[in-house]
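J.: Quick check, what structure comes out for this input:
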Amino acid sequence: MSACEPGPGIQQQVTWVYCDDLDGACAFYAEVLGLTLVLDQGSCRIFRAAPDAFIGVCRSRPGRRVEPQGVVLTLVTDRVDAWYARLAELGVPTEAPPRLSEAFNVYSFFTRDPSGYRIEFQSFRDPVWPEPAGSASA
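T.: Residues are numbered from 1 along each chain as shown. Down below sits the predicted model:
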């Protein structure tokens, strides 16, 4: 088997972040971002970010610390400006207004969740970026 051959398959994706205030962090993902809670495991809660992509939010514990340094959760959307307006209306600080990065051909802006994890709202402008699975043009 070659490393270039497709793997056995992946059906879903979950990114985990850790926090000291589980209720506060989950309120951000549910109320500010409007993500749907799909599973409450007590000390961890999982939110749907896209049809098959999830963000898991867990209470910190030994070996699972709040470590936002170097982490970026990128939420891909064709409504970057609408997200920026929503966060501004809710009083959520952002790093700067949306802008085009010519180096990466993306239009985006950044905010942070209550634990300091950096969240990017991004639209790819590169035509080779794949359409979401199940979209009309896919």
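
J.: which element follows the longest helix along the chain toward the C-terminus?
T.: For the chain, the helix with the greatest residue count under DSSP state H is helix 80-89. Proceeding N to C from helix 80-89, the next assigned helix or strand is strand 99-101, under DSSP states H and E.

J.: Partner strands of that following strand, with direction?
T.: strand 106-112 (antiparallel) (DSSP bridges).

J.: Next SSE downstream of the partner strand?
T.: Heading C-terminal from strand 106-112, the first helix or strand you meet, by DSSP H and E, is strand 118-124.

J.: between that next one and helix 80-89, how big is the angle?
T.: Comparing the axes of strand 118-124 and helix 80-89 via axes from the mean of the first three to the mean of the last three CA atoms, to 10 degrees yields an angle of 150 degrees.

J.: And strand 118-124, what does it pack against?
T.: strand 72-76, helix 80-89, strand 106-112 (3 or more CB pairs under 8 Å, 6 or more residues apart in numbering; DSSP states H and E). From N, CA and C alone the C-beta is placed, and that goes for glycine too.

J.: Just want the angle from that strand to strand 72-76.
T.: Per the same axes, to 10 degrees, the angle that strand 118-124 makes with strand 72-76 is 30 degrees.

J.: List the buried residues for strand 118-124?
T.: Using 16 or more other CB atoms under 10 Å as the test for burial, strand 118-124 gives 118, 119, 120, 121, 122, 123.

J.: thinking again about what came up before, so how far is the longest helix of the chain off the chain centroid?
T.: How far helix 80-89 lies from its chain's middle: 15 Å, per CA atoms, centre = their mean, to the nearest Å.

J.: Quick check: mean pLDDT of that helix?
T.: Helix 80-89 shows a mean pLDDT of 98.

J.: buried residues in it?
T.: Using 16+ other CB under 10 Å as the test for burial, helix 80-89 gives 80, 83, 84, 87.

J.: now the protein, which segments are flagged as low pLDDT?
T.: Low-confidence segments of the chain (pLDDT under 70): 1, 134-138.
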